[in-house]
Structure formats: structure tokens, C-alpha cells
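A.B. asks: for reference, the sequence and a predicted model appear below.
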Amino acid sequence: MLAETLVLAVAGLLVGTAAVAVLPAYFPPPRSLTVLTGGVSALVAGLVVRAAMGPAHAPLRTAVGVVAAVLLVSVLARPDRVRRGPRGPRSRRTA
């Protein structure tokens, strides 16, 4: 169980770090919130699946933990604050 907990925590932290690294404009400061949300959500989802299904399904718990981390980190994204270029969908052309 300790190894699985560590795997879930590291996977969740990697999900949060990757989100901030790939799309930094979507995640306003503090970016540590994004990284920690990934780690905590993976741990909590893994524990919930362990309580529901028992200790025999370690790969499933890990997969569910990573998916939960991705989903909850995506909730923190703020695409409305990203500035678009002059030809982006928010620009208006005047004739």
C-alpha cells in the first residue's frame, strides 16, 4: 500500500507539473495550487477506489487516480484569461 500511495502521489504531482509546463497561461498564480491539486486528487481517488473495490485492483486504482488528477487540474484552468492574437476568435474586424 505504501508503494501504491507513493506512485499515486508522484503521478498526480507529475500531472499538475505537466499542466503548468505545457499551458502556463491557463493557470494563474499560485501555480503550486495546480501541482498540489494533482497530487492530492490522485491520492484521494486512489483511496476511494481502494475502499470501494478492495486491495486486489492496484492498476485500476492507479489509472483512476491519474484520470481524477487530470480532471481536477483541468477545472483550475482559466482559458478566459488567455490573450488571443489579432486573428484569434475574440478579435473583431471593422470594415
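C.D. replies: That came in fine, so what should we check first? Quantities reported herein were computed from a predicted structural model and do not represent experimental measurements. Residues are numbered from 1 along each chain as shown.

A.B. asks: so how far is Arg31 from Thr17?
C.D. replies: 9 Å (C-beta to C-beta, to the nearest Å). The C-beta positions use only the backbone N, C-alpha and C, and glycine is treated the same way.

A.B. asks: my bad, should have said Ser74
C.D. replies: Going from Ser74 to Arg31 by C-beta to C-beta gives 15 Å.

A.B. asks: cool, and Ala63?
C.D. replies: To Arg31, Ala63 is 26 Å away according to C-beta to C-beta.

A.B. asks: repeat for Val15
C.D. replies: The value you get for Val15 to Arg31, if C-beta to C-beta is used, is 13 Å.

A.B. asks: more neighbours: which of these two?
C.D. replies: A count of neighbours by other C-beta atoms under 10 Å puts Val15 above the other of Val15 and Arg31, at 27 against 16.

A.B. asks: got the contact list for the more buried one?
C.D. replies: 38, 42, 66, 69-70, 73 (C-beta atoms under 8 Å, 6 or more residues apart in numbering).

A.B. asks: any idea which of the residues you listed is closest to Pro24?
C.D. replies: Among the contacts of Val15, Val73 lies closest to Pro24 (C-beta to C-beta), at 13.2 Å.

A.B. asks: my read is that that closest one contacts Thr34, right?
C.D. replies: Yes. With contacts counted by C-beta atoms under 8 Å, Val73 reaches Thr34, the gap being 5.9 Å.

A.B. asks: what do those two both touch?
C.D. replies: In contact with both Val73 and Thr34: 16, 19, using C-beta under 8 Å, 6+ apart.

A.B. asks: which stretches in this structure count as strands?
C.D. replies: Remark: no strands are assigned in the chain by DSSP state E.
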